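S.K.: the following comprises the amino acid sequence and a computationally predicted model.
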Amino acid sequence: MVQDVTPEEEADSKSKRRKQNNNSRILNNLMRKKANPDLYVKTNRGRYVSKKKSELGKKNPQSLAIRGARDILGMGGKMVIINRGNDGKALHQLTGKIREHIKGGGSMESARADKIICEFIEKCKKLCAGEGDCAEEE
């Protein structure tokens, strides 16, 4: 006995099948990533990414500069919005100087030792304390 199916019911059943297939595809990808720990790594946020992408992100000059600037200014666990408020402006300007240094072929350690950046760090620390202006002078 053949059932009469309306077009709406048929479309509804197709969308349910698509959704099930999509969910199984997502789970299969996740299982594949969990099964290959030599190719994938879990991020701090809980996502699985390839080790190559993870390493590229760690070598990014912008992320290196932000990490270094936060460390220099002592903003470890403090939430700072870049270029907002005294702390944010100091972080933004110091990050720009460090990023230029890193893109020029330097490292984070050599950026800390650079005389121009050291003077700029002192200005930024004063700005963080609310004692001065961190405007670039060239």
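M.R.: Yep, it's here.
S.K.: strands of this structure, start to end?
M.R.: Assigned by DSSP state E, the strands in the chain fall at 40-42, 48-50.
S.K.: from the contact counts, what lies against the last one?
M.R.: For strand 48-50, the contact count by 3 or more CB pairs under 8 Å, 6 or more residues apart in numbering; DSSP states H and E identifies helix 7-35, strand 40-42 as packing neighbours. In this view, the C-beta of every residue, glycine as well, is placed from N, C-alpha and C.
S.K.: could you report the neighbour count for the residue nearest to residue 54 when sequence neighbours are not counted?
M.R.: Leaving aside its sequence neighbours, residue 54 sits nearest to residue 41 (CB to CB, 6 or more residues apart in numbering; 5.2 Å). Residue neighbour count, defined by other CB atoms under 10 Å, stands at 16 for residue 41.
S.K.: stretch 28-47: which residues count as buried?
M.R.: Judged by neighbour count using 16 or more other CB atoms under 10 Å, the buried positions of stretch 28-47 are 33, 40-41.
S.K.: would you turn the residues you listed into TSV with pLDDT and distance to residue 93?
M.R.: Output for these, formatted as TSV (pLDDT from 0 to 100; distance: CB to CB, whole Å):
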residue	pLDDT	distance to residue 93
33	78	39
40	87	37
41	87	33
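S.K.: closest to residue 121 among those residues?
M.R.: residue 41 (32.8 Å; CB to CB).
S.K.: give me the low-pLDDT residue ranges for this structure?
M.R.: Low-confidence regions of the chain, defined by pLDDT under 70, span residues 1-3, 5, 7, 9-10, 14, 16-27, 109, 113, 115, 131-138.
S.K.: just to revisit the earlier point, what pairs with the residue nearest to residue 54 across the strands?
M.R.: As for beta bridges, residue 41 partners with residue 49 under DSSP bridges.
S.K.: can you tell me how far the most centrally placed residue in the chain is from residue 33?
M.R.: For the chain, the residue sitting closest to the mean C-alpha position, by CA atoms, centre = their mean, is residue 63 at 6.9 Å. Computed as CB to CB, to the nearest Å, the residue 63 to residue 33 distance reads 23 Å.
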